[in-house]
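fold the stuff below for me.
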Amino acid sequence: MPNQNDKVYQFDPLSDYSFKQRTLIRLADLAFFLSIKVVGGLARFEVQGSEHFDAIERAEKIPIYTFWHDRIFLGTYFFRDRGIVVMTSKSLDGEYIARFIKRFGYGAIRGSSSRGGARALVEMIKTMRLGHPMAFSIDGPRGPRYEAKPGPLILAKKTGNPIMPFVVEPRRFWTLKSWDQMQIPWPFSRVAVIIGEPIYVDDKASDAEIGSKLADLQASLDDLVERGKRWRGRAD
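As a prediction, the model looks like this:
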């Protein structure tokens with residue numbers, strides 16, 4: 001487990017926010033933390049593809065967890081307390097997200113594909129080289145939904161660590177009317193965590209090779225979603 005005293009695991013000060021904003025951040029932080037903790041604690045998880053995670057460990061590598069944004073609710077709960085570091089946007093929403101995920105043992109680096117992303121990616125490379133696992137909601141923070149972005153591939157190229165795609169598929173769930181159609185599982189729902197084969201990127205990979213690996217990652221995540229749908233369609 002990475003050193004939890006590292007800055008990425010600590011709450012950032014809220015001094016730059018107004019009193020109203022600080023109150024909103026703290027309320028949202030606790031609301032999301034408690035809802036995920038309660039619903040996640042009631043879920044019944046089963047894992048498919050654990051051999052892929054084991055293969056990464058046997059190779060003495062660190063996984064780059066990669067998933068779709070709509071699966072973030074239960075994904076946060078299942079992979080808690082592993083010291084995983086994620087990128088969260090430099091916004092009011094990003095602030096309370098950073099706070100509640102840290103309550104689950106995650107770290108956070110601030111930035112997004114649309115704001116501060118290049119600098120944040122550099123920080124992720126540095127942090128992963130210190131032994132911290134990383135995670136990407138690969139179509140976040142604003143979409144397009146189910147369209148993979150190249151951030152994890154660049155991180156894999158620079159660090160030599162593999163991308164580990166996965167989906168978290170609840171048997172029954174509500175769908176929010178948000179851009180990602182986020183899944184909120186029913187209490188006591190059965191949940192499949194489906195892990196795909198690791199994807200490695202050579203440290204000398206060209207832009208064309210990165211594009212090819214991005215297509216592989218897109219195909220892997222698309223396939224995992226279809227596998228989740230087939231699993232969900234089976235009777236209990």
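
buried sites along the host helix or strand of D216?
In this assignment (DSSP states H and E), D216 forms part of helix 207-233. Of the residues in helix 207-233, those with enough neighbours to count as buried (16 or more other CB atoms under 10 Å) are 210, 213-214, 216-218, 220-221, 224-225, 227-228, 231. In short, each C-beta sits where N, CA and C put it, glycine included.

and stretch 84-92, by the same measure?
Buried-residue list, stretch 84-92, by 16+ other CB under 10 Å: 84-90.

likewise for stretch 98-116?
Within stretch 98-116, the residues scored as buried using 16+ other CB under 10 Å are 98-113, 116.

now intersect these with the helices, please.
The helices, defined by DSSP state H, take in 98-103 from the buried residues of stretch 98-116.

what about the helix holding D216, average pLDDT?
Averaged across helix 207-233, the pLDDT comes to 96.

for that helix, packing partners?
strand 64-67, helix 151-159, strand 163-170, strand 190-195 (3 or more CB pairs under 8 Å, 6 or more residues apart in numbering; DSSP states H and E).

what helices and strands are in contact with the shortest one?
Contact analysis of strand 64-67 by 3+ CB pairs under 8 Å, 6+ apart lists strand 134-137, helix 151-159, strand 163-170, helix 207-233 as its packing neighbours.

any chance of these in TSV with distance to R190 as columns?
Below are the helices and strands packed on strand 64-67 laid out as TSV (distance: least, CB to CB, whole Å):
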stretch	distance to R190
strand 134-137	23
helix 151-159	28
strand 163-170	7
helix 207-233	9
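
do you know which of the ones you listed lies nearest A55?
Between A55 and these, the shortest separation by CB to CB is 9.7 Å, and it involves strand 163-170.

pairing partners for the next helix or strand after that closest one, with directions?
Helices and strands here follow DSSP H and E; after strand 163-170, the next one along the chain is strand 173-175. Applying DSSP bridges, strand 173-175 is found paired with strand 183-185 (antiparallel).

ok, back up a step: how about the buried residues of helix 207-233 in a markdown table, adding distance to A148?
Shown next, in a markdown table, are these (distance: CB to CB, whole Å):
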| residue | distance to A148 |
| --- | --- |
| I210 | 12 |
| K213 | 10 |
| L214 | 6 |
| D216 | 10 |
| L217 | 5 |
| Q218 | 4 |
| S220 | 9 |
| L221 | 7 |
| L224 | 12 |
| V225 | 12 |
| R227 | 17 |
| G228 | 17 |
| W231 | 22 |
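
out of those residues, which is nearest to L121?
I210 (13.5 Å).

could you find the closest non-adjacent residue to the closest one?
L153 (5.3 Å; CB to CB, 6 or more residues apart in numbering).

please name the nearest non-neighbouring residue to K61.
Of all residues not flanking K61 in the chain, N161 sits nearest, at 5.0 Å (CB to CB, 6+ apart).
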